[in-house]
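Visitor: Show me the folded form of this:
(chains A and B)
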2 protein chains.
Amino acid sequence: MIDQSKLPLREEFFECADHRCVAEAIKTMRIRGAPAIGVAAAFGIALGARNSSAGTSSELIREIEVIAEILSKTRPTAVNLFWAIERMKRAVFDHKDLEVEQLKSLLEREAIFIAREDAETCRRMGVHGSILIEDGDNILTHCNAGALATTEYGTALGVVRAAHGQGKRVHVYADETRPLLQGARLTAWELMKEDIPVTLITDSMAGFLMSRGRVDKVLVGADRIASNGDTANKIGTYTLAVLAKENEIPLYVVAPMSTIDFNIFSGEEIVIEERDSKEVTRICGKRIAPEAVPVFNPAFDVMPNRYITAIVTEKGIARGPYAESLRNLLSRQEAGGKL
Amino acid sequence: MIDQSKLPLREEFFECADHRCVAEAIKTMRIRGAPAIGVAAAFGIALGARNSSAGTSSELIREIEVIAEILSKTRPTAVNLFWAIERMKRAVFDHKDLEVEQLKSLLEREAIFIAREDAETCRRMGVHGSILIEDGDNILTHCNAGALATTEYGTALGVVRAAHGQGKRVHVYADETRPLLQGARLTAWELMKEDIPVTLITDSMAGFLMSRGRVDKVLVGADRIASNGDTANKIGTYTLAVLAKENEIPLYVVAPMSTIDFNIFSGEEIVIEERDSKEVTRICGKRIAPEAVPVFNPAFDVMPNRYITAIVTEKGIARGPYAESLRNLLSRQEAGGKL
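Guide: I've put the predicted structure just below:
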């Protein structure tokens, strides 16, 4: 995996030989992005199984449950993590009759399949979402919902990529996204690599740009979408939603179906991860605040569904009321089309 | 002056022996805060006059005009700078008949008087504004509108100080205020010194706190207030205003009368300073973004008057419509009272 904590200063890759390494990489955000951590967790389980010395299938299955538990404790908000872990577990439970080696191969294939599927899903979201983008659009985005946050291509940035590929002239304003600066470090880096015009701003500048008519659309990813459309995403997204509403700018969420948590009704049920205060008081190891200052550091916030113009998935575009439209997408067999 | 660019890591003072040093300190933000740079500019002119070898009053006055011009070119948005420079120039023009040495003394006394008046003004704003603060309030603030931004005591933080001094339990959420982190570096430091409870957050977290009912009031300073009440303040303030409105939280601007620019009708006439892109791409000298990334770095934004619940000045509290109430305050002779 590319070490996202080192970008953009160093483009370094690291390998994980076991599931503990994967769990640590997710926890410390060397890998991040809801779809990407789902894929990583799937490979974590496959690795854990491969390393097992279990003699019987039932012994291996018990070990896999422990491994799944470890991986599910890494980060609480992004549902793709739990979705991928559940899917890997289901693959096992559906084939309990297999031999140990067969089970191990099955898990490896399933992880590879999840990764390929994620890449394909991103391209489909790109195709669907690009309909919403017009030639000349200035698009504001937050955090990194790009190739780095997925297997490849990206969610919100996948839509930008698709529109750019169709020859539409697009320009992206990238919020730097404090505290961990995924916008400055990752989104800016990714877009520059693709030659898509980008301008970096601090999070506090988005409102000013909107008030001056310099933003046509807001595109963000998601870490968890409740069945009523309420969306948890990187801290600061709620603020963009309120600003977009006030300035009558459409805001689109771009996320795969695996980000929708049909087990919860609304955003109030979403657990918000709080992270270490040092993420706020230090930047790149340098202290920027008084030593003992109390800090509040939530990693996500929740955007109520009324702020969201549409949700773009690989199965099509959903509009409010989302409790109905998201459920309809779920039951749709074919990809493509517009609700 | 205390070197604000070094805080909170080092509490260092520096002295200026001439007006060029003062101009440089304002430009590089070793001294910042609308009232503070006004006071600094006044002393800059007094220093420039003292250093002059002009033989006649008219020669000295010509030199003072050049010095005033240099100081007025340092930063464009905060009007207190121009207000203080104008006041110093007026002192000279009103006493053209004085001898060179008398003029020099006059300017020194006027600068000292402006500084003392600023401190007194802050205390009066504190008294007026503290009426608005209730026991147990959670107050959100942005940038640094404290003692460091003034001669002493502060504007928005002066109100907090006054309420705290009256025994009201107040707690402050301090936005870190990217790019230059005045909230993390200065506001947190100042409040901790005063034993006023403070919690540091990134700018993107204010909306989340408001949406969860954890903010009772928003208090900010101002760099320039148009005669209709539109207010320019540190970039990010407009965002807080929109968030506060959406969550029905009162937002108060605390600023001396010298911050009100009666020469302009609305905020559209306010020049917004754009600063070096390195403020965004580097933090404490460390690069956090791709080398050549384009950056937009406005230092201020403008909050339309409709977002402002009240404006607290040393002459009392103004409420909308501000074109009328601010003009009424101006003509008020006595300080105190409520419009």
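
Visitor: Sketch out the low-pLDDT regions of chain A for me.
Guide: Low-confidence segments of chain A, defined by pLDDT under 70: A:333-339.

Visitor: Can you give me the domain assignment for it?
Guide: Taking automatic domain parsing as the reference, chain A has its domains at A:19-123, A:126-334.

Visitor: and of those domains, who's closest to chain B?
Guide: Chain B lies closest to domain A:126-334 among the domains of chain A, at 3.0 Å (Cβ to the nearest Cβ). Placement of C-beta: from N, CA and C, glycine included.

Visitor: could you pull out the strands for the stretch 101-250 of chain A?
Guide: Assigned by DSSP state E, counting those that start in this stretch, the strands in the stretch 101-250 of chain A fall at A:138-141, A:171-175, A:198-201, A:217-220, A:224-226, A:231-234.

Visitor: Which among these is found nearest to residue A:22?
Guide: Closest approach to residue A:22 among the strands of the stretch 101-250 of chain A (Cβ to Cβ): strand A:224-226, 20.5 Å.

Visitor: Now find how far off-centre the closest one is within its chain.
Guide: 11 Å (Cα atoms, centre = their mean, to the nearest Å).

Visitor: all helices of chain A, in order?
Guide: In chain A, the segments counted as helices under DSSP state H are A:19-27, A:34-51, A:57-72, A:79-93, A:100-130, A:156-165, A:182, A:188-193, A:206-211, A:237-246, A:278-281, A:322-331.

Visitor: Report the contact partners of the closest residue to residue A:42 other than its chain neighbours.
Guide: Excluding its sequence neighbours, the residue lying closest to residue A:42 (Cβ to Cβ, 6 or more residues apart in numbering or on different chains) is residue A:111, at 4.1 Å. With contacts defined as Cβ atoms under 8 Å, 6 or more residues apart in numbering or on different chains, residue A:111 is in contact with A:39, A:42-43, A:45-46, A:88.

Visitor: Check residue A:284 too.
Guide: Under the criterion of Cβ under 8 Å, 6+ apart, the neighbours of residue A:284 are B:283-284, B:286, B:288.

Visitor: Was I right to think residue A:133 contacts residue A:159?
Guide: Yes - with contact defined as Cβ atoms under 8 Å, residue A:133 and residue A:159 form a contacting pair (6.6 Å).

Visitor: Which of the two has more residues huddled nearby?
Guide: With other Cβ atoms under 10 Å in any protein chain shown as the criterion, residue A:133 and residue A:159 differ in neighbour count, and residue A:159 comes out ahead with 30 against 21.

Visitor: Identify the residue nearest that one in space, chain neighbours excluded?
Guide: According to Cβ to Cβ, 6+ apart, the nearest residue to residue A:159 is residue A:129 (3.3 Å).

Visitor: Burial check on the one you found, number of neighbours?
Guide: Residue A:129 sits with 26 neighbouring residues when counted by other Cβ under 10 Å.

Visitor: what do you get for residue A:249?
Guide: When neighbours are defined as other Cβ under 10 Å, residue A:249 has 19 of them.

Visitor: what residues are up against it?
Guide: With contacts taken as Cβ under 8 Å, 6+ apart, residue A:249 has the following neighbours: A:210, A:215-218, A:243.

Visitor: Closest to residue B:295 out of these?
Guide: Of the contacts of residue A:249, the one sitting nearest to residue B:295 (Cβ to Cβ) turns out to be residue A:215, at 16.2 Å.

Visitor: list the contacts for the residue lying farthest from the centre of chain A?
Guide: The centre of chain A is farthest from one residue, residue A:55, which by Cα atoms, centre = their mean lies 36.9 Å away. Neighbour list for residue A:55: residue A:100 [criterion: Cβ under 8 Å, 6+ apart].

Visitor: what separates it from residue A:88, distance-wise?
Guide: Taken as Cβ to Cβ, to the nearest Å, the spacing of residue A:55 relative to residue A:88 amounts to 21 Å.

Visitor: With residue A:104 instead?
Guide: If you go by Cβ to Cβ, the gap between residue A:104 and residue A:88 works out to 12 Å.

Visitor: which residue does the stretch 1-150 of chain A bring closest to chain B?
Guide: For the stretch 1-150 of chain A, the residue positioned closest to chain B under Cβ to the nearest Cβ is residue A:8, at a distance of 4.7 Å.

Visitor: Return the residues in contact with that residue.
Guide: Per Cβ under 8 Å, 6+ apart, neighbours of residue A:8: A:185-186, A:188-189, B:289-290.

Visitor: got the residues of the stretch 1-150 of chain A near chain B?
Guide: Residues of the stretch 1-150 of chain A lying near chain B by Cβ under 8 Å from any Cβ of the partner chain: A:8-9.

Visitor: Most widely separated two among the contacts of residue A:284?
Guide: B:284 and B:288, at 9.8 Å, using Cβ to Cβ across those.

Visitor: who touches both of these two?
Guide: A:283-284.

Visitor: List the residues that contact the nearest residue to residue A:11 once chain neighbours are set aside.
Guide: Spatially, and ignoring its direct neighbours in sequence, residue A:11 is nearest to residue A:2 (6.9 Å; Cβ to Cβ, 6+ apart). For residue A:2, the contact set (Cβ under 8 Å, 6+ apart) comprises A:11-13, A:148.

Visitor: Cross-check the contact I'm expecting between residue A:178 and residue A:204.
Guide: No - using Cβ under 8 Å as the test, residue A:178 is too far from residue A:204 to be in contact (9.3 Å).

Visitor: quick one: contacts for the nearest residue to residue A:34 once chain neighbours are set aside?
Guide: Counting by Cβ to Cβ, 6+ apart, residue A:78 is the residue found nearest to residue A:34 once chain neighbours are left out, at 3.9 Å. Residue A:78 sits next to A:34, A:37-38, A:223-224, A:259 when contact means Cβ under 8 Å, 6+ apart.

Visitor: do residue A:106 as well
Guide: Residue A:106 neighbours (Cβ under 8 Å, 6+ apart): A:91-92, A:95, A:98.

Visitor: How about residue A:71?
Guide: Remark: with contacts taken as Cβ under 8 Å, 6+ apart, residue A:71 is in contact with A:19, A:22-23, A:26, A:41, A:44-45, A:81, A:85.

Visitor: can I get those residues in CSV with neighbour count?
Guide: Rendered in CSV, the data for the contacts of residue A:71 read as follows (neighbours: other Cβ atoms under 10 Å in any protein chain shown):
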residue, neighbour count
A:19, 26
A:22, 28
A:23, 22
A:26, 23
A:41, 32
A:44, 29
A:45, 27
A:81, 28
A:85, 21
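
Visitor: Nearest to residue A:73, out of those residues: which one, please.
Guide: Residue A:73 lies nearest to residue A:23 out of these, by Cβ to Cβ, at 7.8 Å.

Visitor: That closest one reaches residue A:68, doesn't it?
Guide: No - the pair residue A:23 and residue A:68 does not pass the contact test of Cβ under 8 Å, sitting 10.6 Å apart.

Visitor: can you tell which of the strands of the stretch 101-250 of chain A is closest to residue B:63?
Guide: When the strands of the stretch 101-250 of chain A are ranked by distance to residue B:63, counting by Cβ to Cβ, first place goes to strand A:198-201 at 41.9 Å.

Visitor: How far away from the center of its chain is the closest one?
Guide: Taking mean C-alpha positions (Cα atoms, centre = their mean), strand A:198-201 and its chain are 21 Å apart.

Visitor: Show me what counts as buried in that strand.
Guide: For strand A:198-201, the buried set under the neighbour-count rule, 16 or more other Cβ atoms under 10 Å in any protein chain shown, comprises A:198-201.

Visitor: near chain B too, which of the residues you listed?
Guide: Within the set of those, contact with chain B (Cβ under 8 Å from any Cβ) is found for A:198-201.
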